[in-house]
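Asks: Sequence and predicted model, in that order:
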Amino acid sequence: MKIEELKTPAFLVDLPKLKTNIRNMQARARMHDVRLRPHVKTHKTAEIARMQIQDEASGITVSTLAEARFFQKSGFDNITYAFPITPNKMAEAAELSGRMKQFHLLLDQRETARALETYGRDNSVCFSVFLKVDCGYHRAGVNPSKLESVQLAEKLQTSKHIQFKGILTHAGHSYHCRNREEITRIAKLERDVMVEFADRLKQHGLACETISVGSTPTAIHAPGWQGISEIRPGNYAFFDKFQADIESCALEETAAAVLTTVVAHYPQRNQMLIDAGALALSKDPGAVHLDEEFVYGAVPGNPLLKIFNISQEHGLITGQAPIAFNNFPLGSLLQIIPNHSCLSAALFPKYHVVEGNRVVDEWQPMRGW
Ligand SMILES: Cc1ncc(COP(=O)(O)O)c(C=O)c1O
């Protein structure tokens, strides 16, 4: 099958680029002697996760219990559920723990630690748990400079129903950077904060088996990870316009695109309608800190085209200059690099895997919660 035969909108995965992105990250991890535990929420497919892991023993990261269940059933038995656990999910987490060699949870609240311990005691389970640390993103995690954070680690370490696995952070503030130099600075901070906190825990007699960090921008530009056990980037498999805008990658390296059809021309207002709206591209505005006049994706080879307005299924493109409508006849196809590939991918029930113009495979991602 050729790309032109696909019904639109469709989600395309460029296989050679995907493989290159995966190989490059594996090579970076190897070069810096750090384990790679890819976050698979970007694609949620067993096919890509298998390409990403280095060997049978290496693990993956997920963001929902439904993902954990799907990947466990697909043969993965070393998974970190990298979202803070809550009491209403403990029974499912316990059940999954029993099915895998390694299943790690994380938390940053004393109350949650107490609830987990109680659940473990009442149900004779021992959970493997990371203490989530805030390295500057301020989304979740304990403040590493506070004594109460050390005390929470101590509580995890001394609990009979918890195995203290170590400390984990996500430098999501790397997405606020403007270029590679700024990302490199955040990557150093991410490492330093974690290594220093682990040292502090050691001074209190608390052993950190694993120190886990990771975001795609910092994984791409970190000068090194001395003292760090593992990295957990995810988006790097596809990349996207956001990553290209902040200089994590070049736009040409992006391995995911939304295929869309030109539906209508409106020369009087210099606009074209496409069949990719918010349910294909998502409403992620992209790197608005770099350009307030945001667009909903890039059209490679046509930098003057701007997807400036989207509703549920409709997308409107305008041009910085008058659009050469003859180059985009009605029914012709465009490939759009989404602002945020993880969100766009999550909107499609299947991915079309392409090599050049040929559709070579079809992958079914897991869906639901
Ligand atoms: C806890 C955690 N770890 C790792 C990642 C992967 O980061 P990225 O999406 O930048 O690859 C994320 C992404 O949000 C995350 O929330």
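Replies: Good, I have the coordinates. For clarity, every value in this text was computed on a predicted model and none was experimentally measured.

Asks: Can you show me the strands along the stretch 101-250 of the chain?
Replies: 102-107, 127-132, 162-168, 210-213, 230-231 (DSSP state E, counting those that start in this stretch).

Asks: can I get the ones you listed in a markdown table with mean pLDDT?
Replies: Listed next are the strands of the stretch 101-250 of the chain as a markdown table, based on pLDDT from 0 to 100:
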| stretch | mean pLDDT |
| --- | --- |
| strand 102-107 | 98 |
| strand 127-132 | 98 |
| strand 162-168 | 98 |
| strand 210-213 | 98 |
| strand 230-231 | 96 |
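
Asks: nearest to residue 176, of the ones you listed?
Replies: Closest to residue 176 of the strands of the stretch 101-250 of the chain is strand 210-213 (Cβ to Cβ; 17.0 Å). No exception for glycine: its C-beta is placed from N, CA and C like everyone else's.

Asks: by contact count, what packs against the closest one?
Replies: strand 162-168, helix 180-203, strand 230-231 (3 or more Cβ pairs under 8 Å, 6 or more residues apart in numbering; DSSP states H and E).

Asks: give me that answer again for 10 Å
Replies: Contacts defined by 3 or more Cβ pairs under 10 Å, 6 or more residues apart in numbering; DSSP states H and E place strand 210-213 against strand 78-84, strand 102-107, strand 127-132, strand 162-168, helix 180-203, strand 230-231.

Asks: Packing partners of the shortest one?
Replies: Pointing back at strand 230-231 there. helix 15-31, strand 35-36, strand 210-213, helix 216-221.

Asks: Most tightly packed of the ones you listed?
Replies: The highest average neighbour count among the helices and strands packed on strand 230-231, using mean count of other Cβ atoms under 10 Å, belongs to helix 216-221 at a mean of 28.

Asks: any idea how far the ligand is from the nearest residue to residue 109 once chain neighbours are set aside?
Replies: Of all residues not flanking residue 109 in the chain, residue 84 sits nearest, at 7.3 Å (Cβ to Cβ, 6 or more residues apart in numbering). In this structure, residue 84 and the ligand are 10 Å apart, going by Cβ to the nearest ligand atom, to the nearest Å.

Asks: So residue 84 sits against residue 93, correct?
Replies: No. At 11.4 Å, residue 84 does not count as touching residue 93 under the criterion of Cβ atoms under 10 Å.

Asks: what's the overlap in contacts for the two?
Replies: By Cβ atoms under 10 Å, 6 or more residues apart in numbering, residue 84 and residue 93 have these common neighbours: residue 105.

Asks: Can you pick out the residue with more neighbours from those two?
Replies: Between residue 84 and residue 93, counting by other Cβ atoms under 10 Å, residue 93 is the more crowded of the two (20 against 16).

Asks: Who are the contact partners of residue 163?
Replies: Listed by Cβ under 10 Å, 6+ apart, the contact partners of residue 163 are 104, 120, 126-129, 156-157, 209.

Asks: farthest-separated two in the residues you listed?
Replies: Largest separation among those by Cβ to Cβ: 120 and 209, giving 18.5 Å.

Asks: Give me the more crowded residue out of those two.
Replies: Neighbour count, other Cβ under 10 Å: between residue 120 and residue 209, residue 120 has more, with 21 against 12.

Asks: and the residue lying closest to the more buried one once chain neighbours are set aside, how many neighbours does it have?
Replies: Once flanking residues are discounted, residue 120 sits nearest to residue 161: 2.7 Å by Cβ to Cβ, 6+ apart. Residues lying near residue 161 (other Cβ under 10 Å) number 17.

Asks: go on, residue 256?
Replies: 26.

Asks: Could you double-check that residue 153 sits in contact with residue 208?
Replies: Yes. Between residue 153 and residue 208 there is a contact under Cβ under 10 Å: 8.1 Å.

Asks: if I look at those two, which residues touch both of them?
Replies: 131, 164, 166-167, 197-198, 200-201.

Asks: check contacts around residue 147.
Replies: Going by Cβ under 10 Å, 6+ apart, residue 147 touches 200, 204.

Asks: any idea how far it is from residue 204?
Replies: To residue 204, residue 147 is 9 Å away according to Cβ to Cβ, to the nearest Å.

Asks: Same question for residue 292.
Replies: Separation of residue 292 from residue 204 (Cβ to Cβ) stands at 46 Å.

Asks: who has more neighbours, these two?
Replies: Between residue 292 and residue 204, counting by other Cβ under 10 Å, residue 204 is the more crowded of the two (12 against 7).
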